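Enquirer: just the structure for this:
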Amino acid sequence: MLELLWGIFNTAILVYFIIICFKVFKIVRENLGGIATLIFVLGLMSFIDKPNVENNKVKTFEIKDESKIVGEEKINGHIFTEDVILEKKLVTIISATITFKEYDQQVRIINANTMMTGFVSGIDWKASKVDITKNNDNSYNYQIIGTRDWRILGIRIYTNMEDYKGKFKI
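Expert: Numbers count the residues shown, from 1 in each chain. As a prediction, the model looks like this:
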């Protein structure tokens, strides 16, 4: 519910900011002229933050599996994934996707990634650590640590740490 209210608040501030900009453009044009308006627009555009391509990529965590491989890698590519929902709220879902590869006698973890989906206006999720350990009963324990940034008009207002622990079975 908090994410929904934050998104609505963030959208309302953005709309209000756009209305203010149009009014300021009109005042600057009437009082200072066209060149001053152009310089004002260029100055505003310089504040627009280009999205960092590195931050927008889905971060994939390579999982080190120290267990000994029994058998050969299957040639026909038996690679499959397991999706784990870490947090489900009214308008957002944080989930993890774990990729496995099959060998003759066992299954090994290749990598994992996390993502936040839904109405995420003004909220950024970034995982910093993914730890997955195999249990004896063909189940896995996971711990995923990350941060959630709360932003208004692209400015970070608050950051909180999230720690998800759980168990899944393939």
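Enquirer: where does pLDDT dip in this structure?
Expert: The model of the chain has pLDDT under 70 over residues 46-59, 62-77, 104-105.
Enquirer: could I get the full set of strands for it?
Expert: 60-62, 79-88, 92-102, 107-118, 123-134, 139-152, 155-169 (DSSP state E).
Enquirer: relative to N10, which of those is closest?
Expert: Comparison of the strands of the chain against N10 by Cβ to Cβ identifies strand 139-152 as nearest, at 5.7 Å. In this view, the C-beta of every residue, glycine as well, is placed from N, C-alpha and C.
Enquirer: I'd like to know which elements the closest one is packed against.
Expert: Contacts defined by 3 or more Cβ pairs under 8 Å, 6 or more residues apart in numbering; DSSP states H and E place strand 139-152 against helix 2-32, strand 92-102, strand 107-118, strand 123-134, strand 155-169.
Enquirer: give me the most central residue, the protein.
Expert: W125 (4.0 Å; Cα atoms, centre = their mean).
Enquirer: does that one touch I93 like I think?
Expert: No. Using Cβ atoms under 8 Å, W125 is not in contact with I93, being 10.3 Å away.
Enquirer: related to what we said a few turns ago, redo the helices and strands packed on strand 139-152 as CSV? Include distance to L44.
Expert: What follows is those, written out as CSV (distance: least, Cβ to Cβ, whole Å):
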stretch, distance to L44
helix 2-32, 7
strand 92-102, 31
strand 107-118, 29
strand 123-134, 23
strand 155-169, 15
